[in-house]
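Participant: I'd like to go over a predicted model; first the sequence, then the structure.
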Amino acid sequence: MTALDPTTVLEYFRPAKMRAEHLEVLGRRHKPDLADWMEENYYLGKTTSRIKGTWKRSITPYWLPVLEWLTDITTRVIWVIAATQTAKSTILGGYFGYIIDTDPGPTRLVVPDEKISRKRIKKLRSSFKASKQILRHFRGNDINRFLIGETTELDNMIFTLGWPTAPDTLVDDTCRYGLYDEVEKWVQQLPEGGDPISELHSRFRTFYNVSKQVAFTSPGLKGSLTWRNVQRCQQWHVWIRCSFCLEYHIPRWHNVQLDRKPDGHFFEADTYERGGKAHYVCPHCKKRWSEYERWDAVTHFVACPDGLEVQTGGQISGPIEFSAYKAIHFPCLLVHPMFSTVDILAAEFIAAWKEKEQGNIDPYKTFRCNEEAEFWEQRQRQTDAAQVGTHRDQSYRLGQVPRGVQMVTVGTDVQADHVWMVVMGFGYRYERWLLWAGRIETGNTAKAENWQVVEDMLTVEWTSAVDPAILYRAARGAIDCRYQRAERDEESTVVYSFCLRFEEGVVMPVLGSGRDRMKDVAYRVSKPLAGSDLKRYLVNVDAYKDRLWNGLHDPERSPGPGYMHLPADIAVEVIDQLSSEEQVLNEGQWIWRLKHRGARNHLLDATVYADFAAEIGGVFTLRDVDFYKGLLTSRQRREIKNKNIDREDRKPGFLDGLPTL
């Protein structure tokens, strides 16, 4: 065998020369810091942002822990529970651009519905178009290649922008990144069963050890889909440092001190908004902070998990346990003063508080969720006939109008051959009185001629319990139009024709709907019917039953704002119907249902409609009775002289809630 020349062997096994693109693949990858990348490459939308140019960490420093979690190698799921206007969408868009440019992979960006997806795509286009680093990944630099509800292909990855019920959002395709916006507004359950978060989570198995699922949302009810997922995570909070004592604490709304009037009551909302009446107070040294001092405290923040504390000097009191699932809370008190101040927040709080005193809890709940970033705990509301019976008021009887009533409304629930009607009186700060309730026989309600008895009831004059010479007439009425429908055209029902007998807006057709469709919106207005100015209202009956519970079933409620009085001689049947439903938790939402099959709730529904009619009539703008005292006296004197005025030819109309003679 011939020996091989060593030189020949070396030449034979010499590796081929590598090109630059090969070296780039094999070389160590440099992954830039997310905050640095955003400050260089992520531009805020010109049409949607107050600040122009690239994102700056100095405006929202409290996001830095989240940016670190988004790029580490251990955190897999991140939930950010934040107040409104805390840059949630900006950070989510910046991270999306970072994925495209530095670490691409199959991505799903999921928003609540199609309408919001179109808004989100417009904002992303504006930001991506200004960034060369992102734009270069769109073929032909065509930023309009975004597709809504289906998959978009870039030069290095694919992504889907959709909503939970969009066809391509939950398809069984592998995914590495999941970006979820405002999850609290998502549907709680999919039509085919299951919830959207669980369905999305199952799509990450292929990329499990390198995946990221990120959800940014404002909170809602405890027990909701968001709340259940947040509870599975390690809870983190932002601690801020007092400039005076250098101690750290979690910013809470109860640290805000509101000045009061000499009588102990709060000022009006606009008084706080003008400034000088609301102050953030350090819970340690009790010093009042200016806005500058509040922002200085935020810039010296420390993120800390529950179970540990931030000590003087910024050290965390113990070791941090490892968790791949993290959740952090951002209240409104972390927001930069150019966007919100304690004075502005105090004005919002007072407006919500005054609504709460009048029996409308929704604005206060919204403040807790959207500003304090706290989940709202709604306890199951029980109804008890015995408790309702304690609301009997000995100062008036059925058919009488007691002192304090300024507006009268009528609610009507329609059945096949009869109607149930409730007459309600309303006064200052939403105090309520049931004036009359019962069943009226009409005959077939599908025939227009049988509705005269209903019209008579709507135009009847009610006698004052204080002075029999004073008479009241209904200012507004609301009639259920769901029961009777024409065979072909829903908008030509007998109820609609009946409402057109009255002046515009006096008697309104309503359709009752639950919280599952309406969320927390009290009502919606439909388009006017063809050929008339009549409007139909979709009413959230669950929301109005919440108000009714606050004023009628709450054992801690006493006569005054929001309270509901019952006449001394009220029938047991009425009390039973007002107590016929209970509140239950259904798929994360509290709804009202009959306690048992066969129970009658017609008067409860009619009460809801009367309550709705009062809101349309301006019940929350009523003034104290003393405000009307002189006006009523002069009105009575004028009408006593003309007591025999013929009013038979006049249509019943809105009488501004004032009594007539």
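Facilitator: Perfect, I can see it now.
Participant: now do the residue lying closest to residue 211 once chain neighbours are set aside against residue 254, distance only.
Facilitator: Distances taken as C-beta to C-beta, 6 or more residues apart in numbering place residue 204 nearest to residue 211, at 4.4 Å, with adjacent residues excluded. To be clear about C-beta, it is placed using only N, CA and C from the backbone, and glycine gets the same treatment. Taking C-beta to C-beta, to the nearest Å as the measure, residue 204 falls 39 Å from residue 254.
Participant: how near is residue 470 to residue 462?
Facilitator: Distance of residue 470 to residue 462, given as C-beta to C-beta: 10 Å.
Participant: find the residues that touch each one of the two.
Facilitator: residue 401 (C-beta atoms under 8 Å, 6 or more residues apart in numbering).
Participant: which parts of stretch 425-439 are buried?
Facilitator: For stretch 425-439, burial by neighbour count (16 or more other C-beta atoms under 10 Å) applies to 425-438.
Participant: so for that stretch, mean pLDDT?
Facilitator: The predicted model gives stretch 425-439 an average pLDDT of 92.
Participant: how far does that stretch sit from its chain's centre?
Facilitator: Centroid separation for stretch 425-439 versus its chain: 28 Å, with C-alpha atoms, centre = their mean, to the nearest Å.
Participant: give me the distance between the two termini of it.
Facilitator: 19 Å (C-alpha to C-alpha, to the nearest Å).
Participant: follow-up on the earlier one: okay, residue 204 and residue 254: which has more neighbours?
Facilitator: Remark: of residue 204 and residue 254, residue 204 carries more neighbours, 22 against 8, as counted by other C-beta atoms under 10 Å.
Participant: so what pLDDT did the more buried one get?
Facilitator: For residue 204, pLDDT reads 88.
Participant: tell me the contacts of it?
Facilitator: 174-176, 178, 211, 213.
Participant: can you report phi and psi for it?
Facilitator: phi -110, psi 10 (degrees, to the nearest 10).
Participant: kindly report the same for residue 366.
Facilitator: phi -60, psi -40.
Participant: phi first, then psi, for the nearest residue to it once chain neighbours are set aside.
Facilitator: Sequence neighbours aside, residue 352 is the residue nearest to residue 366 in space, at 6.9 Å (criterion: C-beta to C-beta, 6+ apart). Note on residue 352: its backbone torsions stand at phi -70, psi -40 [degrees, to the nearest 10].
Participant: residue 352: neighbouring residues, count only.
Facilitator: Counted with other C-beta under 10 Å, residue 352 comes out at 20.
Participant: just confirm it contacts residue 371, I think it does.
Facilitator: No - taking contacts as C-beta atoms under 8 Å, residue 352 lies outside contact range of residue 371: 9.1 Å.
Participant: per-domain residue ranges of the protein.
Facilitator: Here the domain parsing of the chain from automatic domain parsing is 85-217, 396-570+600-641.
Participant: mind putting those in CSV, distance to residue 35 included?
Facilitator: Output for the domains of the chain, formatted as CSV (distance: least, C-beta to C-beta, whole Å):
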stretch, distance to residue 35
domain 85-217, 9
domain 396-570+600-641, 35
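Participant: pLDDT value on residue 586, please?
Facilitator: Value for residue 586, per-residue pLDDT: 75.
Participant: please name the bridge partners of it.
Facilitator: residue 589 (DSSP bridges).
Participant: returning to that earlier point: could I have the buried ones of the contacts of residue 204 as PyMOL selection syntax?
Facilitator: Of the contacts of residue 204, the buried ones can be selected in PyMOL as follows, counting by 16+ other C-beta under 10 Å:
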select buried, resi 175+176+178+211+213
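Participant: and stretch 279-296, what's buried?
Facilitator: By 16+ other C-beta under 10 Å, the buried positions in stretch 279-296 come out as 279-280, 282, 289, 291, 293-295.
Participant: show me which of these is closest to residue 407.
Facilitator: residue 279 (38.8 Å; C-beta to C-beta).
Participant: stretch 480-500: end-to-end distance?
Facilitator: 15 Å.
Participant: scratch that, stretch 396-404 is what I was asking about
Facilitator: Stretch 396-404 end-to-end distance (C-alpha to C-alpha) = 12 Å.
Participant: kindly report the same for stretch 444-460.
Facilitator: 22 Å.
Participant: ok now that stretch, how far from the chain's centre?
Facilitator: Put simply, stretch 444-460 sits 39 Å off its chain's centre (C-alpha atoms, centre = their mean).
Participant: mean confidence for it?
Facilitator: For stretch 444-460, mean pLDDT is 90.
Participant: surely residue 84 and residue 370 touch.
Facilitator: Yes - using C-beta under 8 Å, residue 84 is in contact with residue 370, at 4.7 Å.
Participant: pull up the overlap in contacts between the two.
Facilitator: In contact with both residue 84 and residue 370: 218, 332, using C-beta under 8 Å, 6+ apart.
Participant: who has more neighbours, those two?
Facilitator: residue 370 (18 against 15).
Participant: quick check: phi and psi at that one.
Facilitator: Torsion angles, degrees, to the nearest 10, at residue 370: phi -80, psi -20.
Participant: on that earlier part again, let me know the closest of the contacts of residue 204 to residue 168.
Facilitator: Within the contacts of residue 204, proximity to residue 168 (C-beta to C-beta) peaks at residue 175, which comes in at 11.7 Å.
Participant: and that closest one, which of the three is it?
Facilitator: coil (DSSP: H, G, I helix; E, B strand; the rest coil).
Participant: contact partners for it?
Facilitator: 106-108, 200, 203-204, 207, 211.
Participant: give me every residue that touches residue 129.
Facilitator: Neighbours of residue 129 in contact, by C-beta under 8 Å, 6+ apart: 135, 143.
Participant: what does residue 74 give?
Facilitator: Per C-beta under 8 Å, 6+ apart, neighbours of residue 74: 322, 324.
Participant: pLDDT weak spots in the stretch 101-250 of the chain?
Facilitator: Within the stretch 101-250 of the chain, the stretches with pLDDT under 70 are 141, 145, 191.
Participant: the nearest residue to residue 601 once chain neighbours are set aside: what's it in contact with?
Facilitator: Nearest in space to residue 601, with sequence neighbours left out and distances taken as C-beta to C-beta, 6+ apart, is residue 580 at 4.3 Å. Counting by C-beta under 8 Å, 6+ apart, residue 580 touches 383, 594-595, 599-601, 604.
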